[in-house]
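*Asks:* Kindly return the folded structure for what I paste below:
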Amino acid sequence: MEGIGSSSRQGRRVVVIGGGIGGSLAAKSLQFDADVTLIDPKEYFEITWASLRSMVEPSFAERTLINHKSYLKNGRVVTSPAINITETDVTTADGAVIGYDYLVIATGHNDLLPKTRQEKLSQYQAGMISNLISSS
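*Replies:* Sure, this is the predicted structure:
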């Protein structure tokens, strides 16, 4: 990654697979020095260490689920899983083929998470409601 400088973006296509902590930080850090594309199955970054509080206080989740487009102002976000990688391209489940000069694989672990931020917020709200009902 040290070869990526700020003098010119040509020949500096960076694809980051995975929008967790590592992938989001890499994409955000490189967005003004390279042509960055972030590929993630979900549209948001989740501050996972705050999820326990979000479960008991669903309104707190508003601050812990951040749309990738909110911090990646100078890059692209592709909301689809990566399904194939070659030496020059990444193919996503929705059929997009994205070329790269540099590839960052930051996929972390595989969870079955809601794809949209609103679906995840609704999940926290539904959990809180069912907890209230069961404790009555």
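*Asks:* Which stretches in the chain count as helices?
*Replies:* Counting by DSSP state H, one finds helices in the chain at the ranges 21-30, 51-56, 68-71, 117-135.
*Asks:* right, so of the ones you listed, which gets closest to A82?
*Replies:* helix 21-30 (11.1 Å; CB to CB). The way it works is simple: take the backbone N, C-alpha and C, and place the C-beta from them, glycine included.
*Asks:* Just the residues contacting that closest one, thanks.
*Replies:* Helix 21-30 has contacts (CB atoms under 8 Å, 6 or more residues apart in numbering) with 1, 4, 14, 16-17, 19, 36, 38, 40, 45, 68, 71-72, 75, 104, 106-108.
*Asks:* lowest-pLDDT helix or strand in the chain?
*Replies:* Lowest by mean pLDDT, DSSP states H and E among the helices and strands of the chain is helix 117-135, with a mean of 71.
*Asks:* Just want the most central residue of this structure.
*Replies:* In the chain, the centroid-proximal residue (CA atoms, centre = their mean) is G19; its distance is 2.6 Å.
*Asks:* what residues are up against the closest residue to it other than its chain neighbours?
*Replies:* The shortest distance from G19 to any non-neighbouring residue, by CB to CB, 6 or more residues apart in numbering, is to D40 (3.2 Å). By CB under 8 Å, 6+ apart, D40 lies in contact with I17, G18, G19, G23, H68, V77, V78, T79.
*Asks:* how close does the nearest residue to V104 once chain neighbours are set aside sit to S59?
*Replies:* Residue nearest to V104 in three dimensions, not counting chain neighbours: V16, with 4.4 Å by CB to CB, 6+ apart. Distance, V16 to S59, using CB to CB, to the nearest Å: 31 Å.
*Asks:* Can you pull out the low-pLDDT segments for the protein?
*Replies:* 1-11, 110-111, 128-136 (pLDDT under 70).
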